[in-house]
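Enquirer: Sequence first, then the predicted structure:
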Amino acid sequence: MSSGKSSVILGIESSCDETAAAVLVDGVVRSNSIAGQEIHSAWGGVVPELASRAHQEHIVPVVADALERAGIRKEDLTAVAFTQGPGLMGALLVGTCFARSLAQGLGIPLIAVDHVRAHVLAHFIRDGVERPVPQFPFINLTVSGGHTQLVLVKSPLDMVILGSTLDDAAGEAFDKGAKVLGLPYPGGPMVDRHARGGDPKRFKLPMPQVEGFDMSFSGVKTAFRNVVMKGEREEPGFALRERADLCASLQQSIVDILLRKLQKAARHHGVGHIAIAGGVSANSALRNQIQTLADREGWQAHIPPFAYCTDNAAMIAQAGLFLYEAGRTAGLDTVPVPRW
Ligand code: KG4
Ligand code: ZN
């Protein structure tokens, strides 16, 4: 897949609430820097205007940090890859303008990356640690705070969306469920933590009946809210007392929806490799159960290392490398695309 040409690619990610930069030298990660935004926790979700302001503050130091850790001067870069979308307009604008200016200043190619595809390409990130990579074609379940998709991946640049969520993203379902329990944003990791030791069968939540490979989480979300509200009405303090079982039940329902569809798609397309990517693939129940599913079916399961599951710039640089090698560079007039 490699052209054999030496490449030094800077990846920049600013689609939501992480400002990130990474350097890939000849296809291997040399640095992967990230600045999160604690500020949204107090608001129970990402506030777009605050996100843009934080990106403005972070972008220069984060890129400088990535270059320094990689031992690379900006003059050594051969291309700049950035997240063009989807995401928050004001947030994307910061990364886009920075990447455009840098590429123009250095006279090097600019590469526009689709954030959701980049999550899938995180499986191909090389960082010196040996890991098996998925064999094409494979089915990837892309699950994050903004997206939930089942994708047939035929090659790095050829992906077919088989199904998506009809309403909330899986990460949103975790975050909204967590909010009902009074847990801070982002709630997914908190639900994961509190679910350990909880009984996943304690509270029955409905399994949506959705055709094909599409998914829906709004029924589970509403049913979960109703269980908590009813419990609180009848015995105040219920949400806190029953937190472990509530979190485990919510988590299991979301994981069941995801894995049933993944199993259906993999069987339908006769693939031998299945994979997950995106922030929700950090979820411990999902990670364990995709492995169990693969073992049962005789498939191979692939899960990116934790640092490449949630938003990061190594995946943007990796996607950028595939595009660069295919000669797919972008014009300096490229604008963000909030809805891809
Ligand atoms: O991919 P990502 O970092 O950002 C987006 O592109 O959206 O995903 C963030 C989402 C959030 O909804 C967060 O709650 C969820 O991933 N998440 C988790 C876990 N870690 C992150 N959800 C469940 N369990 C986790 N351990
Ligand atoms: Zn993401």
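Expert: Right, received. Where do you want to start? Ligands and ions are numbered 1, 2, ... in the order given.
Enquirer: What are the phi and psi values at the spatially most central residue of the chain?
Expert: The centre of the chain sits closest to G278, judged by Cα atoms, centre = their mean, with a distance of 2.4 Å. Backbone geometry at G278, expressed as degrees, to the nearest 10, gives phi 100, psi 170.
Enquirer: what's the nearest residue to it once chain neighbours are set aside sitting at in phi/psi?
Expert: Of all residues not flanking G278 in the chain, S144 sits nearest, at 3.6 Å (Cβ to Cβ, 6 or more residues apart in numbering). To be clear about C-beta, it is placed using only N, CA and C from the backbone, and glycine gets the same treatment. Main-chain torsions, S144, degrees, to the nearest 10: phi -140, psi -170.
Enquirer: gap between S144 and ligand 1?
Expert: 3 Å (Cβ to the nearest ligand atom, to the nearest Å).
Enquirer: Just the C-alpha atoms of the helix or strand hosting V63, please, in PDB.
Expert: Under the criterion of DSSP states H and E, V63 resides in helix 48-70. Provided in PDB are the C-alpha atoms of helix 48-70 (Å, rounded to 0.1, in the frame of the first residue of the first chain):
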ATOM      1  CA  PRO A  48     -20.200  24.900  20.600                       C
ATOM      2  CA  GLU A  49     -19.000  28.400  21.200                       C
ATOM      3  CA  LEU A  50     -16.900  27.400  24.200                       C
ATOM      4  CA  ALA A  51     -15.400  24.500  22.100                       C
ATOM      5  CA  SER A  52     -14.400  27.000  19.300                       C
ATOM      6  CA  ARG A  53     -12.700  29.300  21.900                       C
ATOM      7  CA  ALA A  54     -10.800  26.500  23.500                       C
ATOM      8  CA  HIS A  55      -9.600  25.200  20.100                       C
ATOM      9  CA  GLN A  56      -8.300  28.700  19.400                       C
ATOM     10  CA  GLU A  57      -6.300  28.600  22.600                       C
ATOM     11  CA  HIS A  58      -5.000  25.100  22.200                       C
ATOM     12  CA  ILE A  59      -4.200  24.700  18.500                       C
ATOM     13  CA  VAL A  60      -0.800  26.400  18.500                       C
ATOM     14  CA  PRO A  61       0.500  24.700  21.700                       C
ATOM     15  CA  VAL A  62      -0.800  21.300  20.700                       C
ATOM     16  CA  VAL A  63       0.700  21.400  17.200                       C
ATOM     17  CA  ALA A  64       4.000  22.700  18.700                       C
ATOM     18  CA  ASP A  65       3.900  19.800  21.300                       C
ATOM     19  CA  ALA A  66       3.300  17.200  18.600                       C
ATOM     20  CA  LEU A  67       6.200  18.500  16.500                       C
ATOM     21  CA  GLU A  68       8.500  18.700  19.400                       C
ATOM     22  CA  ARG A  69       7.700  15.200  20.700                       C
ATOM     23  CA  ALA A  70       8.200  13.800  17.200                       C
END
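Enquirer: Identify the bridge partners of T148.
Expert: V143 (DSSP bridges).
Enquirer: For it, give me its contacts.
Expert: L141, T142, S164, T165, A169, A170, G171, M215, F217, L258 (Cβ atoms under 8 Å, 6 or more residues apart in numbering).
Enquirer: Same check on R131?
Expert: Contacts of R131 by Cβ under 8 Å, 6+ apart are P305.
Enquirer: Report the angle between the very next helix or strand once past the helix holding V63 and helix 48-70.
Expert: Moving toward the C-terminus from helix 48-70, the next helix or strand (DSSP H and E) is strand 79-85. Taking axes from the mean of the first three to the mean of the last three Cα atoms, to 10 degrees, one finds strand 79-85 and helix 48-70 inclined to each other by 160 degrees.
Enquirer: Share the number of residues neighbouring the closest residue in space to L205 that isn't next to it in sequence, please.
Expert: Leaving aside its chain neighbours, L205 sits nearest to S253 (4.2 Å; criterion: Cβ to Cβ, 6+ apart). By the measure other Cβ atoms under 10 Å, the count of residues near S253 is 25.
Enquirer: Okay, S253 and G45: tell me how far apart.
Expert: To G45, S253 is 21 Å away according to Cβ to Cβ, to the nearest Å.
Enquirer: Kindly indicate whether S41 is helix, strand or coil.
Expert: helix (DSSP: H, G, I helix; E, B strand; the rest coil).
Enquirer: How about the residues of the stretch 51-200 of the chain by ligand 1?
Expert: Within the stretch 51-200 of the chain, the positions near ligand 1 by Cβ under 6 Å from any ligand atom are S144, G145, G146, G171, F174, D175, P186, G187, G188, P189, D192.
Enquirer: and which of those is nearest ligand 2?
Expert: S144 (4.1 Å; Cβ to the ion).
Enquirer: was I right about that closest one contacting V280?
Expert: Yes. With contact defined as Cβ atoms under 8 Å, S144 counts as touching V280 (6.2 Å).
Enquirer: so what sits against both of those two?
Expert: The contact sets of S144 and V280 overlap at A170, G171 (Cβ under 8 Å, 6+ apart).
Enquirer: which one of those two has more residues nearby?
Expert: Remark: of S144 and V280, V280 carries more neighbours, 29 against 25, as counted by other Cβ under 10 Å.
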